[in-house]
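>>> okay, here's the prediction I keep looking at, along with the sequence it came from:
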Amino acid sequence: NAGVTQTPKFRILKIGQSMTLQCAQDMNHNYMYWYRQDPGMGLKLIYYSVGAGITDKGEVPNGYNVSRSTTEDFPLRLELAAPSQTSVYFCASSPGLAGVADTQYFGPGTRLTVL
Amino acid sequence: AQSVAQPEDQVNVAEGNPLTVKCTYSVSGNPYPFWYVQYPNRGLQFLLKYITGDNLVKGSYGFEAEFNKSQTSFHLKKPSALVSDSALYFCAVRDPRNFNKFYFGSGTKLNVKP
């Protein structure tokens, strides 16, 4: 199993550009998540999905969009990049079957800089 | 507001000595705390969690954590530190009202010196 994979690893964007951060998991997990990690801060939830076709907002959804057309993939879209979106982005997945005991598995992250 | 605090940005210990990384939280209801570890250029890896039962939870790589409901704390411990334990440690608390939401602390960098 590759686990949770993310592409690209690094990206520099200009203000106003758009891009999609890719996330895929091969563990047949129901739940998937997107977080951002700012320097010196903990992770903050952007969006999550409990299954294909179902997504919901987290703490900091503004400026982002997601879709989940398959169990495996959960791309994150930035439409008009702003410097405030400079961050490290982590995708995670979990089985979604164990309730409070459900454990998340994280990808290696994408480091995004917006100039 | 819900919050998780890791009061130490950095903890330095000598190899073979015991280590403690602190975590306290302010989350409504009966939250469920977790610990994750992050090695350089890697994603977070699960270490341990408290769900119910014994307040002393044992996890991966010899780590354990003590759940204290009255003090709303979940400190991470290890009796004898290894140089390979050097990494960034995150405390996270699952929201009991929405199991999909976690609140993360800002992380503590553990440095274990030979």
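Great, that's in hand. Numbering: from 1, shown residues only, chains lettered A, B, ... in the order given.
>>> scan the helices and strands of chain B for the one with the lowest mean pLDDT.
strand B:102-104 (a mean of 90; mean pLDDT, DSSP states H and E).
>>> name the helices or strands packed onto that one?
The contact analysis (3 or more CB pairs under 8 Å, 6 or more residues apart in numbering or on different chains; DSSP states H and E) places strand B:102-104 against strand A:43-51, strand B:3-5, strand B:87-94. No exception for glycine: its C-beta is placed from N, CA and C like everyone else's.
>>> among these, which is nearest A:Gly109?
strand A:43-51 (10.2 Å; CB to CB).
>>> what does the next helix or strand after that closest one contact?
The C-terminal neighbour of strand A:43-51 among helices and strands, as given by DSSP states H and E, is strand A:54-57. With contact meaning CB atoms under 8 Å, 6 or more residues apart in numbering or on different chains, strand A:54-57 is reached by A:47-50, A:66-68, B:100.
>>> of all the residues you listed, which two lie farthest apart?
Every pair of these checked by CB to CB; the farthest is A:Ser67 and B:Asn100, at 17.2 Å.
>>> what does chain A put close to chain B?
Residues of chain A found near chain B (CB under 8 Å from any CB of the partner chain) are A:4, A:31, A:33, A:35, A:40-45, A:48, A:50, A:56, A:58-59, A:90, A:92, A:99-109.
>>> quote the end-to-end distance of stretch B:19-29.
In terms of CA to CA, to the nearest Å, the two terminal residues of stretch B:19-29 are separated by 29 Å.
>>> ah, wrong one, I meant stretch B:21-40
18 Å.
>>> give me the buried positions along that stretch.
Across stretch B:21-40, burial judged by 16 or more other CB atoms under 10 Å in any protein chain shown covers B:21-25, B:27, B:31-38.
>>> ok, of the residues you listed, which one's closest to chain A?
B:Tyr32 (5.0 Å; CB to the nearest CB).
>>> residue contacts, the closest residue to the closest one other than its chain neighbours?
Once flanking residues are discounted, B:Tyr32 sits nearest to B:Arg94: 4.1 Å by CB to CB, 6 or more residues apart in numbering or on different chains. With CB under 8 Å, 6+ apart as the criterion, the residues that contact B:Arg94 are A:100, B:31-34, B:101-102.
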